[in-house]
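Novice: mind folding the following:
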Amino acid sequence: MICEKAKINAVFLRNDNYLNATMLEKELNVLGRKTDYLQEYTPAILEAFTNMHPENDYWVHFDCPEFTCVCPITHQPDFATILIDYIPDVKMVESKSLKLYLHGFRNHGAFHEDCVNLIMKDLIRLMDPKYIEVTGIYSSRGGIRIYPYCNYGRPGTKYEAIAEQRLFNH
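Specialist: The predicted structure follows:
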């Protein structure tokens, strides 16, 4: 009896995974295809997929250690690790599209603080997360390191209070 139940559960699990994979293929255009690296800032490359567990609050963390941009004044390169943390709602960012999006900053002239705010705002437009924060850990240039931080919590929810608390305790 237990063995039969296990077989039935395995069939349902296989079917659920097939349905989930089929649904994801319809939502995503970049994943699984030839990679064309963008040479300019292009938020349109970002793709989202449906969160399979929107009823749960959970933390998603991206550590992007190869971020580069250029100073808008001197055009000198800046190197950083970008940390992106968020609590998803209905949509989640697809990681390959995020990688291509971040690569697009390589020739983009922007100050460090502008970069982290652009990244956060583009991800908010894409996913409408419950909560998100973006940190830039920039390499030293001229003897100064800059670590800009920005965050957002959905207005009118507990996440707005979390954002305020994390910002002021950062």
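
Novice: can you get me a residue count around Tyr58?
Specialist: Neighbourhood size, Tyr58 [other CB atoms under 10 Å]: 9. In this view, the C-beta of every residue, glycine as well, is placed from N, C-alpha and C.

Novice: quick check: it is in a helix.
Specialist: No - with DSSP: H, G, I helix; E, B strand; the rest coil as the criterion, Tyr58 is located in coil rather than a helix.

Novice: I figured it hits Asp89, correct?
Specialist: No - using CB atoms under 8 Å, Tyr58 makes no contact with Asp89, being 11.2 Å away.

Novice: ok now stretch 68-77, how far from the chain's centre?
Specialist: Centre-to-centre, stretch 68-77 and its host chain are 23 Å apart (CA atoms, centre = their mean, to the nearest Å).

Novice: what sits up against that stretch?
Specialist: 78-80, 105-112, 115, 141 (CB atoms under 8 Å, 6 or more residues apart in numbering).

Novice: same thing but 7 Å
Specialist: Identification of contacts with stretch 68-77 by CB atoms under 7 Å, 6 or more residues apart in numbering yields 78-79, 105-111, 115.

Novice: dump that stretch to CSV, restricted to CA.
Specialist: Extracted C-alpha coordinates of stretch 68-77, given in CSV (Å, rounded to 0.1, in the frame of the first residue of the first chain):
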residue,chain,number,x,y,z
THR,A,68,31.5,47.2,-13.9
CYS,A,69,30.5,50.7,-15.0
VAL,A,70,32.3,53.8,-15.9
CYS,A,71,32.5,57.2,-14.2
PRO,A,72,30.3,59.6,-16.1
ILE,A,73,32.9,62.4,-15.9
THR,A,74,36.3,60.7,-16.3
HIS,A,75,35.1,57.5,-18.1
GLN,A,76,37.4,55.5,-15.9
PRO,A,77,36.2,52.0,-15.0
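
Novice: quick check: buried residues in it?
Specialist: By 16 or more other CB atoms under 10 Å, the buried positions in stretch 68-77 come out as 69-70.

Novice: follow-up on the earlier one: for the contacts of stretch 68-77, which one is nearest Glu164?
Specialist: Glu164 lies nearest to Cys115 out of these, by CB to CB, at 22.7 Å.
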